[in-house]
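Enquirer: Just a sequence and a predicted model for now, questions to come.
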Amino acid sequence: MNVKGFSAAAVQAGIRYKDRLDLGLIYSDRPAITAGVFTTNKVKAAPVVLDVERLRQGRAQAVLVNSGNANACNGEQGMDVARKVSALAADHLGIDEDLVQVASTGVIGEQLDTTPFTDAMPGLVNALSEDGFDDIAQAIMTTDTVPKVSRKMVDIDGVQVSILGVAKGSGMIMPNMATMLCFVVTDAQIVFPVLREIVSSGVENSFNRITVDGDTSTNDMVLVMANGAAGNEWLDEERPEAVEAFRQAVQEVLHDLAAMIVRDGEGATKTVTVRVVGARDKKGAVDAARTIANSPLVKTAFYGEDPNWGRIMAALGRSDCFFHPDRVSIAFDEVLMAENGMGAGPTAEQRCAQVMQKDAFTLTVHLNDGAESAEIMTCDFSKEYIQINADYRS
């Protein structure tokens, strides 16, 4: 499935590693309404600072992205590099450089050399193709083991609208948002305020509901570009039903990509959905689920297939969620491990251990104190996670 008016390409620029795609370009044949969500980390990479500034106009026409070097913590030199490479892309594309968004991922604190960009840019632009998005997904990988792509079509008043998203992320993953990049393109015709709201709420219910290791990066961003090439009637506040159909389609793409990131968590062997139900308020439910999902002791128990529910209770107890410990029940899938704050016995533990042997399962914590609920997707901590991050720069 292709998206009208959009093309992409990736090349081997040799930014850090040889013989792998590491420089990508996404291009719209016309300026696109564009909305973004960026890292909340106080330490922001140069591309994030530049993109936030440029996106005030609500439009973009190209995204230039590299892996291997994050261009973060590089001072004014890092900003100069971000501006230079975006100007380079703009010159070869024949567009205004303020319409170029830049993104980087990789090692923090190393200066980014512009030479590979200069050498590779002519070939990169010449390689632009409507079929190039799979290469983009490859080019933005760092410790990822698989590329992440999601496609969706939605009918808007008889007009077929296409949505395509690519993402990267495997470690340093916890909202808001994660060491992740996500680029979504669509040929929908939509006004900026509506797109901005859809992107904001979509990220909150997808990428902001996952965690691998509780760390938030310096370079995280989600960009959604809508160029209107499908020719549908404008999606605006006056057409709520059409907007809702488009919102659901975008949400599905974002959720697909978020789930792929968790499944590809560094060294992960299991994907776990942590559900907290029966909470007094939504904020407490989210905080409780996230605290449990981030607990190293809980995550190592997942890896060891040990239904150590005491670790879950301990994590719950240090969250900001109000609850009564003697009302809490804990279940692995449908198997009850604890009820009213007390264990259900050896037989239940054996059955829960069998559930934990699966590649994916759900941990449900019922607080029995209200009607609110929340879910966070996480994964286990394995020995491989330590090995990957102990020598990441080498």
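Expert: Noted; the coordinates are in hand.
Enquirer: What's the local residue count around the residue nearest to V85 when sequence neighbours are not counted?
Expert: Excluding the flanking residues, the one nearest V85 by CB to CB, 6 or more residues apart in numbering is F117, at 4.7 Å. Bear in mind the C-beta positions are built from the backbone N, C-alpha and C, glycine included. Residues lying near F117 (other CB atoms under 10 Å) number 21.
Enquirer: And F117, how close does it get to G14?
Expert: Distance of F117 to G14, computed by CB to CB, to the nearest Å: 11 Å.
Enquirer: if we can go back for a sec, quick one: secondary structure of the residue nearest to V85?
Expert: For F117, the assignment made with DSSP: H, G, I helix; E, B strand; the rest coil gives helix.
Enquirer: Going forward, count from 10.
Expert: Shifting the count to begin at 10 puts that one at F126.
Enquirer: how about it, what does it touch?
Expert: Taking CB atoms under 8 Å, 6 or more residues apart in numbering, we find F126 in contact with A22, L32, N75, K93, V94, L97.
Enquirer: what do you get for V283?
Expert: So V283 contacts A298, I301, A302, T371, L372, V374, E384, I385, M386, T387 (CB under 8 Å, 6+ apart).
Enquirer: how about those residues in JSON lines, adding secondary structure?
Expert: Shown next, in JSON lines, are those (three-state DSSP):
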{"residue": "A298", "secondary structure": "helix"}
{"residue": "I301", "secondary structure": "helix"}
{"residue": "A302", "secondary structure": "helix"}
{"residue": "T371", "secondary structure": "strand"}
{"residue": "L372", "secondary structure": "strand"}
{"residue": "V374", "secondary structure": "strand"}
{"residue": "E384", "secondary structure": "strand"}
{"residue": "I385", "secondary structure": "strand"}
{"residue": "M386", "secondary structure": "strand"}
{"residue": "T387", "secondary structure": "strand"}
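Enquirer: ok, and the most crowded of these?
Expert: In the contacts of V283, the most neighbours by other CB under 10 Å go to T387, 31 neighbours.
Enquirer: Give me the below-cutoff pLDDT ranges for the stretch 10-159 of the chain.
Expert: Nowhere does the stretch 10-159 of the chain drop to pLDDT under 70.
Enquirer: can I get the CA coordinates of the helix or strand that contains R256 in PDB?
Expert: For R256, the element it lies in under DSSP states H and E is helix 249-272. These are the backbone C-alpha positions of helix 249-272, laid out as PDB (Å, rounded to 0.1, in the frame of the first residue of the first chain):
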ATOM      1  CA  PRO A 249     -17.200  14.700  13.700                       C
ATOM      2  CA  GLU A 250     -18.200  11.300  12.300                       C
ATOM      3  CA  ALA A 251     -15.600  11.500   9.500                       C
ATOM      4  CA  VAL A 252     -13.000  12.800  11.900                       C
ATOM      5  CA  GLU A 253     -13.700   9.900  14.300                       C
ATOM      6  CA  ALA A 254     -13.200   7.300  11.500                       C
ATOM      7  CA  PHE A 255      -9.900   8.800  10.700                       C
ATOM      8  CA  ARG A 256      -8.900   9.100  14.400                       C
ATOM      9  CA  GLN A 257      -9.600   5.400  14.900                       C
ATOM     10  CA  ALA A 258      -7.400   4.500  11.900                       C
ATOM     11  CA  VAL A 259      -4.500   6.600  13.100                       C
ATOM     12  CA  GLN A 260      -4.900   5.100  16.600                       C
ATOM     13  CA  GLU A 261      -4.700   1.600  15.200                       C
ATOM     14  CA  VAL A 262      -1.400   2.400  13.300                       C
ATOM     15  CA  LEU A 263       0.100   4.000  16.500                       C
ATOM     16  CA  HIS A 264      -1.000   1.100  18.700                       C
ATOM     17  CA  ASP A 265       0.400  -1.400  16.200                       C
ATOM     18  CA  LEU A 266       3.800   0.300  16.200                       C
ATOM     19  CA  ALA A 267       3.800   0.700  20.000                       C
ATOM     20  CA  ALA A 268       3.100  -3.000  20.500                       C
ATOM     21  CA  MET A 269       5.900  -3.800  18.100                       C
ATOM     22  CA  ILE A 270       8.400  -1.800  20.200                       C
ATOM     23  CA  VAL A 271       7.500  -3.700  23.300                       C
ATOM     24  CA  ARG A 272       7.700  -7.100  21.600                       C
END
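Enquirer: Just the buried positions in that helix, please.
Expert: 251-252, 254-256, 258-272 (16 or more other CB atoms under 10 Å).
Enquirer: same thing with stretch 148-161?
Expert: Buried, per 16+ other CB under 10 Å, within stretch 148-161: A148, I149, M150, T151, T152, D153, P156, K157, V158, S159, K161.
Enquirer: would you turn these into a markdown table with secondary structure?
Expert: Formatted as a markdown table, these follow (three-state DSSP):
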| residue | secondary structure |
| --- | --- |
| A148 | helix |
| I149 | coil |
| M150 | coil |
| T151 | coil |
| T152 | coil |
| D153 | coil |
| P156 | coil |
| K157 | strand |
| V158 | strand |
| S159 | strand |
| K161 | strand |
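Enquirer: packing partners for the helix holding R256?
Expert: strand 157-165, strand 168-177, strand 190-195, helix 201-213, strand 280-288, strand 381-388 (3 or more CB pairs under 8 Å, 6 or more residues apart in numbering; DSSP states H and E).
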